[in-house]
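Engineer: Next one to model:
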Amino acid sequence: MAKENASIQIQFLGAAGTVTGSKTLLKTDKYKILIDCGLFQGNKPERKLNKLKKLPFKPSEVDAIILTHGHLDHSGYLPVLVKKGFTGPIYATTPSKSITETILHDSAKIQEEDTQEANKRRSQARKPLKPLYREKHVNRTLQLFETYADKEWIVLNEEVKFRFIKSGHILGSATVELECQGKRFVFSGDIGQRMPLILNAPMRPQEADYIIMESTYGNKLHDNSISPYQALQEVVNKAFEKGGSVVIPSFAVERAQEIIMLLNNLIDEKNIPAIPIYLDTPMGIDITKVFQEYRDWHNLSDDECENLTKNVHIISSFGETLTVLDENGPKNKIIIAGSGMVTGGRVLYYLKHLLKDDKNTVLLVGHQAKGTRGNQLSSGEATIEIDGENYEVNAEISQIGSLSAHADQGDLLWWLKDLKEAPKQLFLNHGEEEATKELKHKIEETYGWQVTVAEMDKVYEA
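Structural biologist: Now for the predicted structure:
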């Protein structure tokens, strides 16, 4: 039986003051549980944390990892922990395992390729760089997964049990409700909009002693004055009239599938011309298959699932990428390519060739973290650097905020509305400083609750 008033500690090892690197440690005198294990992304100082940041535990000491969803900033550090000695279970929803598998294999491949390229430019007198992890570490990581449906209570030990509830962010994403020593902790993970395009709506917590909540868009409201359908129609038709192409840097999970669905509907209803659509993100192709497999995690019909590859030219190799911009091909194209924040991937190839022409359009459809090329484009910078060279930005830059997979400020306040009693403490993480501070003020103003902005590495008692 658990001791009364036994100490429980919460420590934020990532996603505090930033939106990446999610890692939250819950620790008792007997157990260490990590909720999420993500990579830091964004600008160079943040990315360096993946190699330089020291964790306050040996990986072999962690009893379990609970994964809210498969995005790289929540799952991408898992193989590092496994490489360094973690052998415990990794708990996730069934779709999250499938998505994480695709994302981690892609991450390992990119790291190995990037390291090879960096070593070519590196002086032979210097020690060669090594990737954070390789394919073999990903394979070992995937063997540790244990998957469960949502709403099912999983008993870890005599002190701890937890369950997943759908969070509406991406396929398989979940909020974690965890009971430890008679106290209930709610880890929001990333929360989707209250009325997502193709997912089931987020489930709201009913009770909690402690809430750990994301705040990505804590200071913003999505522009819902125009639907994503109408907004996409306007962007495509404007580019078509100018004789240009539309490049959509897209996250492979969720966003690519939403965009394809909208484009198919627009073409079928003759609201846009039947412009060739190219999906050039190998990971996006794999994720589309996952959508077809897990029908109970989204609201697409069987026909809509099958149509996710309708009207779409799927690019499976870089050799095919080189042919998309062939001068003899169609002058109007829609290109969907990773990565969503323009930090890497095949979208860089297209931008090198298309940014200089003001007939073309770059359409941003998700959060653009500080320090990323996507953020530079959305901020109106005149040039961006790709592979050591500066490229002029003459193309039109458009943005559809309502396509974001993240809840905005209004949605986040709505998510808290079903709680029967005020939590003892609400922590805000996974947000940049301005967003987190404004959301703290709004929650205090709306509900009168005590709100703490999580600080990196600080230990909080519960």
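Engineer: Could you chop the chain up by domain?
Structural biologist: For the chain, automatic domain parsing gives the domain ranges 9-220+407-461, 228-403.
Engineer: what's the least confident stretch among these?
Structural biologist: Comparing mean pLDDT across those, the lowest value falls on domain 228-403: a mean of 89.
Engineer: and that domain, how far apart are its ends?
Structural biologist: 6 Å (Cα to Cα, to the nearest Å).
Engineer: got it, and stretch 361-372?
Structural biologist: End-to-end distance (Cα to Cα), stretch 361-372: 18 Å.
Engineer: Check stretch 199-208 too.
Structural biologist: 25 Å.
Engineer: Work out the gap between that stretch and the centre of the chain.
Structural biologist: In terms of Cα atoms, centre = their mean, to the nearest Å, the centre of stretch 199-208 is found 19 Å from the chain centre.
Engineer: so how many other residues sit close to the closest residue in space to residue 308 that isn't next to it in sequence?
Structural biologist: Of all residues not flanking residue 308 in the chain, residue 288 sits nearest, at 4.9 Å (Cβ to Cβ, 6 or more residues apart in numbering). The C-beta positions use only the backbone N, C-alpha and C, and glycine is treated the same way. If you count neighbours by other Cβ atoms under 10 Å, residue 288 ends up with 21.
Engineer: And residue 327, by the same measure?
Structural biologist: Neighbours around residue 327, by other Cβ under 10 Å: 5.
Engineer: Residue 316 too?
Structural biologist: 11.
Engineer: Spatially nearest residue to residue 43 (excluding sequence neighbours)?
Structural biologist: residue 371 (2.5 Å).
Engineer: let me fix that: residue 294
Structural biologist: Leaving aside its sequence neighbours, residue 294 sits nearest to residue 95 (Cβ to Cβ, 6+ apart; 4.5 Å).
Engineer: what helix or strand is residue 339 on?
Structural biologist: Using DSSP states H and E, residue 339 is not contained in any helix or strand.
Engineer: what about the helices in the stretch 1-150 of the chain?
Structural biologist: Using DSSP state H, counting those that start in this stretch, the helices of the stretch 1-150 of the chain run over 44-52, 72-75, 78-83, 94-121, 135-142.
Engineer: And for the second one, what's in contact with it?
Structural biologist: Read that as helix 72-75. Contact partners of helix 72-75, identified using Cβ atoms under 8 Å, 6 or more residues apart in numbering, comprise 15, 19-22, 36-41, 67-69, 100, 103-104, 107, 189-190.
Engineer: switch to 7 Å and redo it
Structural biologist: Helix 72-75 has contacts (Cβ atoms under 7 Å, 6 or more residues apart in numbering) with 20-22, 36-39, 41, 67-68, 100, 103-104, 107.
Engineer: can you check the third one too?
Structural biologist: When contacts are taken as Cβ under 7 Å, 6+ apart, the neighbours of helix 78-83 outside the stretch itself are 37, 59, 90, 104, 132-133, 137-138, 140-141, 144.
Engineer: roughly how far is it from the heart of the chain?
Structural biologist: 19 Å.
Engineer: repeat for stretch 330-346
Structural biologist: Per Cα atoms, centre = their mean, the centroid offset for stretch 330-346 relative to its chain is 17 Å.
Engineer: Grab the CA positions of stretch 167-177 and hand them over as CSV.
Structural biologist: This file holds the C-alpha atoms of stretch 167-177, laid out as CSV (Å, rounded to 0.1, in the frame of the first residue of the first chain):
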residue,chain,number,x,y,z
SER,A,167,-6.5,14.1,-28.0
GLY,A,168,-7.4,14.9,-31.6
HIS,A,169,-3.9,16.1,-32.6
ILE,A,170,-2.8,13.4,-35.0
LEU,A,171,-3.8,9.8,-35.7
GLY,A,172,-3.3,7.8,-32.5
SER,A,173,-2.5,10.9,-30.4
ALA,A,174,-3.6,10.7,-26.8
THR,A,175,-3.8,12.5,-23.5
VAL,A,176,-2.4,10.4,-20.6
GLU,A,177,-4.5,10.1,-17.4
